[in-house]
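Participant: prediction below, plus the sequence it came from.
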2 protein chains.
Amino acid sequence: MHLSRPNFIHEVELPKAYRLINHGPTVLVSSAHDGRQNVTAAAWNMGLDFTPAKVCVVIDKSTLTRALVERSGEFVLSVPARKIAKQTLQVGGASVCKINKFDAFGIDTFAANRVAAHLVAGCVGWLERKVINEPHNQLPMIFSSAR
Amino acid sequence: MHLSRPNFIHEVELPKAYRLINHGPTVLVSSAHDGRQNVTAAAWNMGLDFTPAKVCVVIDKSTLTRALVERSGEFVLSVPARKIAKQTLQVGGASVCKINKFDAFGIDTFAANRVAAHLVAGCVGWLERKVINEPHNQLPMIFSSAR
């Protein structure tokens, strides 16, 4: 049935429109290259395909995480539990230029099976991923398949 | 602190790995072109940028929705409330070759402001979007900015 527009609808500012969708868990993105490690938070992450298994995560181009992920071609997604909610907020807001986030916020880790980046302790799920090269893609996004 | 690997971890089958992330709301994708309308469900959707506001949604290449979205260059995302959970499952599982989904499942709609596709009633949020052309992208994905 085609209805008239409800009068309770109001417009959302466009830069806040993303809040209407994908309010699933923020993940932690850990990365490593040439002896350097980092961890950050990424709210924009999703599945992309079943077989081969692919996921998609938005990582800003200006970040150390993006550089480490592109240079190493791999990364880890850790799905945080409530008990590390505070650290998840902290690593997402902090600049790595000034601090080592693992030490500064008491982020514990353990070794991955297939990649150099570490898995974050206190999480309920982990994905070890390798990057799929998408050279034409200028968006702040990393496609990955399972490593 | 670097810990030893917890012994409670077990491997997830790769085609099910996507279940670990982005378990936010599935959205309804409505589309229209040349007098034809359709609606489907999409679990993989997320924000992509703030300004200009962009979102990203995975729509399989084999679907009528994908064809209508590509031909019209626009679509609507509707964020369903619990009361239409059943219809959300139904439109996601049904093939449009055999039925008109709106009639078959009692999906009510109302007119959008800026696009031809309709907004689905019984939802808590709506995004009217135009497609960003990404000709090099071979993935089953549509990038969009606000219309």
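Facilitator: Yep, that arrived.
Participant: could you give the bridge partners of the residue most central in space within chain A?
Facilitator: When C-alpha atoms, centre = their mean is applied to chain A, the residue found nearest the centroid is residue A:42 (3.3 Å). Counting by DSSP bridges, residue A:42 forms beta bridges with residue A:27.
Participant: hmm, it is touching residue A:55, no?
Facilitator: No: Residue A:42 is not in contact with residue A:55 according to C-beta atoms under 8 Å; the separation is 10.8 Å. Where C-beta positions appear, they are placed from N, C-alpha and C, glycine not excepted.
Participant: which residues do those two both contact?
Facilitator: residue A:77 (C-beta atoms under 8 Å, 6 or more residues apart in numbering or on different chains).
Participant: ranges for the strands of chain A?
Facilitator: For chain A, the strands defined by DSSP state E cover A:2-3, A:27-33, A:36-42, A:45-49, A:54-58, A:74-80, A:109-110, A:119-120, A:123-132, A:141-146.
Participant: mean pLDDT for these - can I get that in TSV?
Facilitator: TSV is the format used below for the strands of chain A (pLDDT from 0 to 100):
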stretch	mean pLDDT
strand A:2-3	92
strand A:27-33	97
strand A:36-42	95
strand A:45-49	91
strand A:54-58	91
strand A:74-80	96
strand A:109-110	96
strand A:119-120	97
strand A:123-132	93
strand A:141-146	61
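Participant: of all the ones you listed, which one is nearest residue B:46?
Facilitator: strand A:45-49 (4.7 Å; C-beta to C-beta).
Participant: how much space between residue A:49 and residue A:74?
Facilitator: Here residue A:49 is placed at a distance of 18 Å from residue A:74 (C-beta to C-beta, to the nearest Å).
Participant: got it, and residue A:34?
Facilitator: From residue A:34 to residue A:74 the distance is 13 Å (C-beta to C-beta).
Participant: who has more neighbours, the two?
Facilitator: Neighbours were counted for residue A:34 and for residue A:74 using other C-beta atoms under 10 Å in any protein chain shown; residue A:74 has more, 21 against 8.
Participant: and that one, bridged to which residues?
Facilitator: Here residue A:74, judged by DSSP bridges, has bridge partners residue A:130.
Participant: what distance do you get for it to chain B?
Facilitator: Residue A:74 is 15 Å from chain B, where distance means C-beta to the nearest C-beta, to the nearest Å.
Participant: look at the closest residue in space to residue A:24 that isn't next to it in sequence and say how many residues are nearby.
Facilitator: Spatial nearest neighbour of residue A:24, excluding adjacent residues (C-beta to C-beta, 6 or more residues apart in numbering or on different chains): residue B:24 at 3.3 Å. Residue B:24 is flanked by 17 other residues according to other C-beta under 10 Å.
Participant: do you know which of the strands of chain A lies nearest residue A:90?
Facilitator: With C-beta to C-beta as the criterion, residue A:90 lies closest to strand A:36-42 of the strands of chain A, at 8.7 Å.
Participant: can you give the contact residues for that closest one?
Facilitator: So strand A:36-42 is contacted by A:26-32, A:57-59, A:63-65, A:68, A:77, A:88-89, A:91-92, A:96, A:101-102, A:107, A:109, A:117-118, A:120 (C-beta under 8 Å, 6+ apart).
Participant: of the residues you listed, buried ones?
Facilitator: Buried by 16 or more other C-beta atoms under 10 Å in any protein chain shown: A:26-32, A:57-59, A:63-65, A:68, A:77, A:88, A:91-92, A:96, A:101-102, A:107, A:109, A:117-118, A:120, out of the contacts of strand A:36-42.
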